[in-house]
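**Q** below is the structure, and that's it, no one-letter string:
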């Protein structure tokens, strides 16, 4: 009673990502609930997009076009391969990576030989790798905060992710069918500010890269996802 639901495939992807990092970077102490917290804030675990057992979705998950009008300007970096836009970039997939960032942190979480940010298994593992960069120990509260801030430099975002992480740890999790949609959380239209950074940005020492703005809302404007 009171357990929080996570689609079966998403839950498997989060737990698998934790297992991979436990083997490759044991000192990071990555909890799968942290990855799940990000997945919940970013796309509600790809719920409502036709999540399949292999981690793919029937419909692509894309953030707003970064054309410099309402949001920051990021011209195309992937030839439209991942975001379907050959002119401007868009954050993509259940964990909302910017294509150029995915180029550095992408991972093959389902073993099919492709690093696809639109795949839940790949995106979860890419997120885990990103959070564990820089010799962080995520069992330390300060390191965990720094890791999430590197994903999105917003205290409100950190608080939202922590809330879901604590929920999954506290009340427990129940595995739900992939085809049962949930109502996504979306930011209030008043919080759709220009300059918000969709998708994780660079780590300290990597330059400005895609870290081009702060989000004043609890959830990022990249949650204005288009099916």
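**A** Perfect, thanks for sending it. Here the structure is a predicted model, which means the values were calculated and not measured.
**Q** quick check: residue 121 touching residue 13?
**A** Yes: between residue 121 and residue 13 a contact is recorded at 4.5 Å, counting by CB atoms under 8 Å. Yep, even glycine has a C-beta here, placed from its N, CA and C like the rest.
**Q** okay, those two: which has more neighbours?
**A** Between residue 121 and residue 13, counting by other CB atoms under 10 Å, residue 13 is the more crowded of the two (33 against 25).
**Q** name the nearest residue to residue 5, ignoring sequence neighbours.
**A** residue 176 (4.1 Å; CB to CB, 6 or more residues apart in numbering).
**Q** nearest spatial neighbour of residue 102, skipping sequence neighbours?
**A** The spatially closest residue to residue 102, leaving aside those adjacent along the chain, is residue 117, at 4.6 Å (CB to CB, 6+ apart).
**Q** residues touching the one you found, list them.
**A** For residue 117, the contact set (CB atoms under 8 Å, 6 or more residues apart in numbering) comprises 82, 92, 93, 95, 97, 99, 102, 106, 123, 126.
**Q** in contact with the residue nearest to the spatial centre of the chain, which residues?
**A** Centroid-nearest residue in the chain: residue 95, 2.3 Å away (criterion: CA atoms, centre = their mean). Residue 95 makes contact with 38, 39, 42, 43, 117, 123, 124, 126, 127, according to CB under 8 Å, 6+ apart.
**Q** so the third one is in contact with residue 94, correct?
**A** I take that to be residue 42. Yes: counting by CB under 8 Å, residue 94 is a contact partner of residue 42 at 6.4 Å.
**Q** the two: which is more packed in?
**A** residue 42 (33 against 30).
**Q** ok, for that one, nearest residue in space, not its chain neighbours?
**A** With CB to CB, 6+ apart as the criterion, residue 42 has its nearest non-adjacent residue at 4.6 Å, and that residue is residue 96.
**Q** this structure: strands as residue ranges?
**A** All strands of the chain, identified by DSSP state E, fall at 4-7, 173-176.
**Q** so where is the protein shaky, pLDDT-wise?
**A** 1-2, 181-227 (pLDDT under 70).
**Q** just the helices from it, written as ranges.
**A** Remark: helices assigned in the chain by DSSP state H are 8-24, 32-43, 99-105, 120-131, 141-151, 155-170.
**Q** residue 105 and residue 129: what is the separation?
**A** Counting by CB to CB, to the nearest Å, the gap from residue 105 to residue 129 is 6 Å.
**Q** neighbours around residue 118, how many?
**A** For residue 118, the count of nearby residues is 23 (other CB under 10 Å).
**Q** again, but for residue 146
**A** When neighbours are defined as other CB under 10 Å, residue 146 has 17 of them.
**Q** no more questions from me, cheers.
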